[in-house]
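>>> quick one: sequence plus predicted model below, questions after.
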Amino acid sequence: MNTGTAGCAAAADTAPWFVLLAAGRGTRLAAHTGCAKQFLRYKNRPLYWQSVRTCAATQRFGGLVLVFPPETMEENAAEARELAGKEGLTLPLRFAKGGARRQDSVCNGLQHVPESAAFVCIHDAARPFFSEELVHTMLARLAEGATAVIPGLAVKDTIKQADSEGRVLATPDRAMLRAVQTPQGFDRALLQAAHAALNTPDNTVTDDASLMEAAGHTVWICEGEEANVKITTAADLRALDDSHSQSDRHAAARNEGHAGSTGESRDSAQGAPASPSDAASAAVSADRNALTVPCTGWGYDVHRYGGTRPLVLGGIAIDTTYTIAAHSDGDVLLHALMDALLGMIGKGDIGELFPDSDPAYDGASSVALLNEVMGLVRKAHVQLTHADVTIIAQKPRLKPWKQAIRSNLARLLGLDESHVNVKATTEEGLGFTGELLGIKACATVAGLARQQ
Ligand code: MG
């Protein structure tokens with residue numbers, strides 16, 4: 001049954017599907033941590049769940065097939081259903097058992113994709129930090145007629161071809177080389193046909209594009225993402241660990257999960273980054289030779305009372321008779337927060353980014369604008385680590401709303417609530433807030449930037 005999602009209900013019949021491979025045994029990591037990489041804990045969830053969230057957030061897919069190890073599929077599927085329920089995920093989920101090789105797992109997953117789906121994306125759960133933008137780019141190329149689109153990055157190192165004894169045989173031209181990633185996007189019918197024809201016991205490949213190439217289809221490379229790292233070795237895990245705060249480590253340790261049996265292993269296993277400003281955190285971790293530097297941003301905004309907009313703070317509607325005069329939805333708190341984020345990455349202010357002279361922003365949702373700004377933060381390879389905000393108003397009294405605002409900001413920013421603080425204060429009846437003429441907000445954010 002393909003019920004589609006609210007975001008793509010009209011196109012549900014041909015909507016693309018996403019196949020997430022979480023069936024690997026991860027032997028190298030398992031030896032270190034006691035569990036396969038896709039089940040390491042990240043934000044108190046299995047690591048593969050980060051890919052599910054990103055897939056769902058694109059609102060482009062008719063459904064998602066999760067491929068789990070056959071021996072634990074029922075248990076894993078039950079957990080995925082529970083997480084989907086907890087997070088209100090409406091994306092239809094289906095489950096498949098992994099096969100002996102990666103390509104066999106893909107084959108099993110594809111069997112659960114409706115034949116009406118025009119395109120399919122195949123993704124390895126060991127790359128949890130791909131962006132929504134990457135998916136949109138690939139789907140756009142497929143819609144334009146490409147049969148296969150895969151992300152790739154230029155290779156920085158000189159690559160040598162060597163024999164089994166380490167003797168160099170050749171030095172390929174680096175300019176011609178690309179290190180490819182997942183998700184990889186395909187015409188669904190052609191990929192299934194390629195699997196049917198070429199997925200044989202004596203033909204083992206490491207990605208699906210290889211089968212499409214062998215079947216004679218043109219495979220196109222789009223720009224990959226440095227943040228889209230693959231977690232393969234214990235060193236990758238330690239690098240992720242390095243960006244993890246002590247407090248989150250303790251929070252994670254309170255959760256029993258798939259971690260290993262020793263104290264040391266459990267700590268490492270659950271030591272995923274504190275923030276799912278994820279692409280950025282992975283970017284920070286990806287280049288282990290890079291230094292990270294702390295960065296901060298500060299924002300301030302004021303809105304006048306008495307307009308036509310209902311009062312919204314941090315994306316939460318406030319039940320009050322006070323109204324706001326504003327071009328957008330007038331969420332003074334998110335405006336201050338966006339300015340702080342832009343300050344942190346050196347990108348000016350929201351007036352430059354979303355000019356109030358532009359009719360496109362009339363009544364604009366500040367939550368949608370914040371999502372755009374968070375996209376810029378990720379692109380800047382900055383990992384947001386903390387946000388502290390203050391709302392200044394004589395009235396209404398905001399104490400009853402502070403927790404709801406905090407939770408919503410944490411969700412919007414991809415931070416744990418322990419790294420979001422919301423304060424509210426009056427100005428003792430002084431100034432324009434004291435005269436009930438308006439409301440103001442300040443925001444400070446902190447992050448880690450990769451030194452250029
Ligand atoms: Mg404003």
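Everything's here; your move.
>>> residue numbers of the chain in contact with the ion?
Contacts of the chain with the ion, taken as Cβ under 5 Å from the ion, map to 301, 335. Where you see a C-beta, it was placed from the backbone N, CA and C, and this is true even at glycine.
>>> shouldn't H381 be in contact with E225?
No: if you go by Cβ atoms under 8 Å, H381 and E225 don't touch, sitting 9.9 Å apart.
>>> for the ion, give me its nearest residue in the protein.
H335 (3.7 Å; Cβ to the ion).
>>> let me know the secondary structure of that residue.
The assignment at H335 comes out as helix when based on DSSP: H, G, I helix; E, B strand; the rest coil.
>>> so it makes contact with S366?
Yes: judged on Cβ under 8 Å, H335 makes contact with S366 at a distance of 6.5 Å.
>>> list residues touching both of the two?
S328 (Cβ atoms under 8 Å, 6 or more residues apart in numbering).
>>> please name the nearest non-neighbouring residue to the residue of the chain closest to the ion.
D301 (3.9 Å; Cβ to Cβ, 6 or more residues apart in numbering).
>>> what about the one you found, which helix or strand?
Assigned by DSSP states H and E, D301 belongs to strand 292-310.
>>> that strand pairs with which strands?
Each strand paired with strand 292-310, and its direction, by DSSP bridges: strand 323-325 (antiparallel), strand 438-450 (antiparallel).
>>> now the first one: buried residues?
It refers to strand 323-325. Within strand 323-325, the residues that count as buried by 16 or more other Cβ atoms under 10 Å are 323-324.
>>> likewise for stretch 408-421?
Those buried within stretch 408-421 under the rule 16+ other Cβ under 10 Å are 408-410, 412-416, 419-420.
>>> same check on stretch 143-154?
146-153.
>>> from those residues, which single one is nearest D173?
Set against D173, the nearest of those by Cβ to Cβ is G152 (15.3 Å).
>>> for the closest residue to that closest one other than its chain neighbours, what are its contacts?
Leaving aside its sequence neighbours, G152 sits nearest to R178 (Cβ to Cβ, 6+ apart; 3.4 Å). Neighbour list for R178: 152-155, 221, 224 [criterion: Cβ under 8 Å, 6+ apart].
>>> which SS class is L91?
coil.
>>> distance of the closest residue in space to it that isn't next to it in sequence relative to R81?
Among residues not flanking L91 along the chain, A56 sits closest, at 4.6 Å (Cβ to Cβ, 6+ apart). In this structure, A56 and R81 are 14 Å apart, going by Cβ to Cβ, to the nearest Å.
>>> compare neighbour counts for the two and give me the winner.
With neighbours defined as other Cβ atoms under 10 Å, A56 and R81 compare such that A56 has more, 22 against 13.
>>> now the more buried one: which helix or strand?
helix 48-57.
>>> where does the stretch 101-250 of the chain have low pLDDT?
Low-confidence segments of the stretch 101-250 of the chain, defined by pLDDT under 70: 232-250.
>>> helix or strand next in line after the helix or strand where L169 lies, which one?
Assessed by DSSP H and E, L169 sits inside strand 168-170. Remark: after strand 168-170, the chain's next helix or strand is strand 178-180, criterion DSSP H and E.
>>> quick one: distance of stretch 426-442 to the chain centre.
Distance, stretch centre to chain centre, for stretch 426-442: 38 Å (Cα atoms, centre = their mean, to the nearest Å).
>>> avg pLDDT for that stretch?
Stretch 426-442 shows a mean pLDDT of 97.
>>> kindly check the end-to-end length of that stretch for me.
13 Å (Cα to Cα, to the nearest Å).
>>> go ahead and confirm L190 touches L142.
No: with contacts counted by Cβ under 8 Å, L190 stays clear of L142, the gap being 10.8 Å.
>>> for the strand holding L169, name the packing helices and strands.
Strand 168-170 makes packing contacts with strand 161-162 when contacts are defined by 3 or more Cβ pairs under 8 Å, 6 or more residues apart in numbering; DSSP states H and E.
>>> which elements pack onto the strand it packs on?
strand 168-170.
>>> note down every partner strand of the strand it packs on and its orientation.
Short version: by DSSP bridges, strand 168-170 pairs with strand 161-162 (antiparallel).
>>> give me the residue at the spatial middle of this structure.
T54 (4.6 Å; Cα atoms, centre = their mean).
>>> touching, that one and F130? I think so.
Yes: here T54 reaches F130: they are 6.3 Å apart, a contact under Cβ under 8 Å.
>>> can you give me the strands for the stretch 251-400 of the chain?
Taking DSSP state E, counting those that start in this stretch as the test, the strands found in the stretch 251-400 of the chain are 292-310, 312-313, 316-317, 323-325, 382-392.
>>> rewinding a little: between L190 and L142, who's got more neighbours?
A count of neighbours by other Cβ under 10 Å puts L142 above the other of L190 and L142, at 22 against 17.
>>> okay, the more buried one and F186: tell me how far apart.
L142 is 8 Å from F186, by Cβ to Cβ.
>>> overlap of the contact sets of the two?
Common contacts of L142 and F186, defined by Cβ under 8 Å, 6+ apart, comprise 119, 149.
>>> so where's the stretch 251-400 of the chain uncertain?
Using pLDDT under 70, the stretch 251-400 of the chain drops low at 251-291.
>>> now do 90
The stretch 251-400 of the chain contains residues with pLDDT under 90 at 251-293, 307, 326-329, 353-365, 375, 378-383.
>>> roughly how far apart are H217 and G224?
From H217 over to G224 (counting by Cβ to Cβ), the distance is 20 Å.
>>> ok, back up a step: tell me the most buried of the strands of the stretch 251-400 of the chain?
Burial of the strands of the stretch 251-400 of the chain is given as mean neighbour count (mean count of other Cβ atoms under 10 Å); strand 312-313 ranks first at a mean of 24.
>>> just the residues contacting the host helix or strand of V67, thanks.
Using DSSP H and E, V67 falls within strand 63-68. Strand 63-68 has contacts (Cβ under 8 Å, 6+ apart) with 2, 4, 15, 17-23, 48, 52, 55-56, 76-77, 80, 91-98, 105-106, 108-110, 112-114.
>>> quick one: that strand to helix 48-57, angle?
170 degrees (axes from the mean of the first three to the mean of the last three Cα atoms, to 10 degrees).
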